[in-house]
Structure formats: C-alpha cells, structure tokens
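Q: Fold the stuff below for me.
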Amino acid sequence: MFKNFANAFSFLTIIPLFDVGEFDAKALARSMAAFPLVGLALGGLLVAAHIVIGVHLPDLLEAVLLVALLWYATGGFHLDGLADTMDGVWSGRGRERALEIMKDSRVGAHGASSMVLLILAKVAAIAVLPGYMKVAALIVAPALGRGGVVLLAHKSLYARPTEGLASPYTEHLDTGTVNVAMVISGAISLVAGLGGVLAFLGVMGWALLLRKRFHEKMGGITGDMLGFCEETGEVIALILMVLVA
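A: Alright, predicted model coming up:
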C-alpha cells in the first residue's frame, strides 16, 4: 500500500515528497487504491493551514487561501479537467467534435465560468462551516473527491482511439482495487459523522451518474472527465456537509 500511496501522491500532486521514478500502467492503476489517502494527506495539509491562519483571519479570507492552497498543491490538475469537460461534453456538439474541443489548450466560456463558480462554491462552503465540522470537511472532501474518481474509472471504456491519461485506469483497474478505495473513502467519511456519510453516498452516487452520462454521450471517459468528477465531487461533499452542520 505504501508503494501505491507514493505513486498516487506523486501523480496527483506537485509536492516532491517521493522519488518513485517511472511506473507502468498497471502500477498506476493499482495506485488508485490509495487515491483517497492522497486526499486525506491533502486534507491534513489544509487542516494544518487552518490551525495556523484560522485564528488570525476572517472566515471568508481564510477559505479563499485554503482553496488556493489545495489548487497549488495539485497544480490545478483536476481544475483543468473540469474546464475541458465543460467546454467539450456540455458544448452541445457531437462526440468527435467534443473530444477535439477537450484537447484544445484554450479555455472556452463554459470552462471559464465553471471554474469560477466551482471555486466560489468551495470558498462559500468552507467559510460557513463551523468549528469541528470545518476541520472534518477539509479532511473528508478531498478524500471523497478522489474516491469518486476511482468509482468513475471502474468498468469504464476509454473514449479516445489512442492512449491517454485515463487509459491505464480503464484497461487495468480491477474490482479489488476499487473495493479498497471505497472502504478507505467510507472510513474517512466517518470523521464528519452523519454529514460525512451523506457526503460519501452523494459523491459516489454522482460518480456512477457521471459514468452513465459519459458513456451515453461520449462512449467512455477521458482524463479530463476524471478531473471533472474529482472537482465536482469535492463541492458536492462540502455542500452536503454544510446542510447537516
């Protein structure tokens, strides 16, 4: 599991904590078992920052800085996928044209507005969460977002004819790896009590809904769609925890 965590951490963040070298597609797929643990580690980073700056700053400003820290630690990796997916899948175009749009490095109106709205939603949710629930949400949301990615990738086809970022997951991800990721995600969600359980069910349900939608419209998934699932999963988790806070 440590090797899987090191591979996953190196892939999902820009923090140079591990020197894992190059790893093959099967190793990358196995590392998905540790995706929620990477989210847990990122959540721990956010909690540490909250402890340091939370007593000195207003809630809204602190929330902005926490969201910025998470963005920086991941290199904006998933946010880019959100924008590309919104520009492509929700462009109203056919499958081939949508895939072309998603490969374009330029960000369109759908992508730009979705990033702004998502960041605003994260900031607002974190700002209004009280006391312990804020700490719990900072831990749980990143873990569940990445757990949702694993569930989306499970039994998915790769939408492009050539290999890409998501192809190792769709080709080599096995049920055992998914089960481990789900157990870890569920265990982490208990940190937030009822809100965490509700968030777990909401995020995983969302991942399954996305899998159905992406296969119907696009014939499978891409790496951008995994990023879309992660970012929107975090927001869903935060909103559901706000509802029961």
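Q: List the residue ranges of this structure that fall below the pLDDT cut-off.
A: Applying pLDDT under 70 to the chain picks out residues 19-25, 93, 161-166, 168.
Q: Now do the contacts for the most far-flung residue of it relative to its centre.
A: Within the chain, the residue lying farthest from the chain centre (CA atoms, centre = their mean) is residue 56, at 29.0 Å. By CB atoms under 8 Å, 6 or more residues apart in numbering, no residues touch residue 56. Any C-beta I mention is one placed from the backbone N, CA and C, and that applies to glycine too.
Q: On the three-state scheme, it is what?
A: Here residue 56 is coil, with the state taken from DSSP: H, G, I helix; E, B strand; the rest coil.
Q: For it, what are phi and psi?
A: Recorded main-chain torsions at residue 56 are phi -110, psi -20, according to degrees, to the nearest 10.
Q: What separation is there between it and residue 78?
A: In this structure, residue 56 and residue 78 are 29 Å apart, going by CB to CB, to the nearest Å.
Q: And residue 143, by the same measure?
A: For residue 143, the distance to residue 78 (CB to CB) stands at 14 Å.
Q: Work out for me the element the residue lying closest to residue 245 once chain neighbours are set aside sits within.
A: Closest residue in space to residue 245, ignoring its immediate chain neighbours: residue 133 at 4.4 Å, by CB to CB, 6 or more residues apart in numbering. Under the criterion DSSP states H and E, the helix or strand holding residue 133 is helix 131-153.
Q: Buried residues, that helix. List them.
A: 133-153 (16 or more other CB atoms under 10 Å).
Q: between the longest helix along the chain and helix 131-153, how many degrees?
A: Among the elements of the chain assigned as helix by DSSP state H, the one spanning the most residues is helix 193-218. Orientation check (axes from the mean of the first three to the mean of the last three CA atoms, to 10 degrees): helix 193-218 against helix 131-153 gives 30 degrees.
Q: quick one: buried residues of helix 193-218?
A: Taking 16+ other CB under 10 Å as the neighbour-count basis, helix 193-218 is seen to contain the buried residues 195-200, 202-204, 206-207, 210-211, 214, 218.
Q: Stretch 72-81 now?
A: Buried residues in stretch 72-81, counted by 16+ other CB under 10 Å: 73-74, 76-81.
Q: In helices only, show me these.
A: With helices taken from DSSP H, the overlap with the buried residues of stretch 72-81 comprises 73-74, 77-81.
Q: And the helices in this protein, which stretches?
A: In the chain, the segments counted as helices under DSSP H are 2-12, 25-30, 35-53, 59-74, 77-88, 95-103, 109-128, 131-153, 167-172, 175-189, 193-218, 223-244.
Q: Out of those helices, which gets nearest to residue 160?
A: For the helices of the chain, the distance to residue 160 is smallest for helix 95-103, at 6.3 Å, taking CB to CB.
Q: contact partners of stretch 234-245?
A: Outside stretch 234-245, the residues that touch it by CB under 8 Å, 6+ apart are 118, 121-122, 125-126, 128-130, 133, 136-137, 140-142, 144-145, 192, 194-196, 198-199, 202-203, 206.
Q: go with 6 Å
A: Stretch 234-245 is contacted by residues 118, 121, 125, 129-130, 133, 137, 141, 144-145, 192, 194-195, 198-199, 202-203, 206 when judged by CB atoms under 6 Å, 6 or more residues apart in numbering.
Q: Could you give me the buried positions within it?
A: Within stretch 234-245, the residues that qualify as buried are 234-242, 245, counting by 16+ other CB under 10 Å.
Q: Residue 171 - how many residues pack around it?
A: A total of 13 residues lie near residue 171 under the criterion other CB atoms under 10 Å.
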